[in-house]
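*Asks:* What would the 3D arrangement of this be:
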Amino acid sequence: MKTTVKKVALIFVASVALSAAQAQKIAHVNLDSLVSTMPETKVASEAAKVYSEGLQQELIAMQTELENKQKDYMEKEAGMSELLKKTKQEDFNQLYNRIETFRNQAAQDYQRKSAELTMPIMEKAKKAIEVVAKEGGYKYVLDGSPQGTAILFSEPGDDIFNAVKKKLESMPAATIPGVAPPNTGGIKAPQGGTKANTPPKGK
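*Replies:* Prediction:
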């Protein structure tokens, strides 16, 4: 008797859960594709490239300094005292360690900068998704990107990609740190990056 009651209860709970799930509208959108269509993404990518080039130039300068010192050492080694040779070699080791430290820190710094540049873009995209979801009466919006939330099984949902893309077009541009708004002069060179070439002054 108890077993029968348990089975009936489980069937009832399952049917209620299924009915509730069917009553809720579910949508999906490929977040990666959506973000790639936003004009701010191109601006952020260019800003990240400028920042990366600044770090790369600094690294090249340090490597060039090491190479020049090593070349000078090789040319003058024969006339150096043992003490001077030892001092020079210690200088090489210190400079080499500085280069490796900078290389590792630069990679981390670039990742941080990239995240800083893309954060407002992601926030804008998610806000647009939220607005469209509320307007369409959707209870859930699933990320259809390859790296998005994995769904083992779900009923087919509505793809709101075009609706969200249209909503994005009516929203103000996302403010990206250190970057001028679109059509107002382009990208500002980040601190530590390369300076833009300035046209010669007219006579």
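*Asks:* Have a look at this protein and report its longest helix.
*Replies:* Longest helix of the chain, by residue count under DSSP state H: helix 82-136.
*Asks:* helices and strands around that one, which ones?
*Replies:* Under the contact criterion of 3 or more CB pairs under 8 Å, 6 or more residues apart in numbering; DSSP states H and E, helix 82-136 touches strand 25-29, helix 31-37, helix 39-76, strand 138-143, helix 161-169. Just so you know, the C-beta spots here come from the backbone N, C-alpha and C atoms, and that holds for glycine as well.
*Asks:* The first one pairs with which strands, and in what direction?
*Replies:* Looking at strand 25-29 with DSSP bridges, its partner strands are strand 138-143 (parallel), strand 158-159 (parallel).
*Asks:* do you know how far the closest residue to residue 159 other than its chain neighbours is from residue 69?
*Replies:* In space, and not counting its chain neighbours, residue 159 is closest to residue 28: 6.0 Å by CB to CB, 6 or more residues apart in numbering. In this view, residue 28 and residue 69 are 58 Å apart by CB to CB, to the nearest Å.
*Asks:* Dump the C-alpha coordinates for stretch 107-122 into CSV.
*Replies:* Output in CSV follows, covering the C-alpha atoms of stretch 107-122 (Å, rounded to 0.1, in the frame of the first residue of the first chain):
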residue,chain,number,x,y,z
ALA,A,107,50.6,38.4,-20.0
GLN,A,108,48.6,38.8,-16.8
ASP,A,109,48.3,42.5,-17.3
TYR,A,110,47.0,42.1,-20.9
GLN,A,111,44.3,39.6,-19.7
ARG,A,112,43.2,42.1,-17.0
LYS,A,113,43.1,44.9,-19.6
SER,A,114,41.1,42.8,-22.0
ALA,A,115,38.6,41.9,-19.3
GLU,A,116,38.3,45.6,-18.4
LEU,A,117,37.6,46.6,-22.0
THR,A,118,35.0,43.9,-22.6
MET,A,119,33.1,44.1,-19.3
PRO,A,120,30.9,47.0,-20.3
ILE,A,121,30.1,45.3,-23.6
MET,A,122,29.0,42.1,-21.9
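*Asks:* Many thanks, have a good one.
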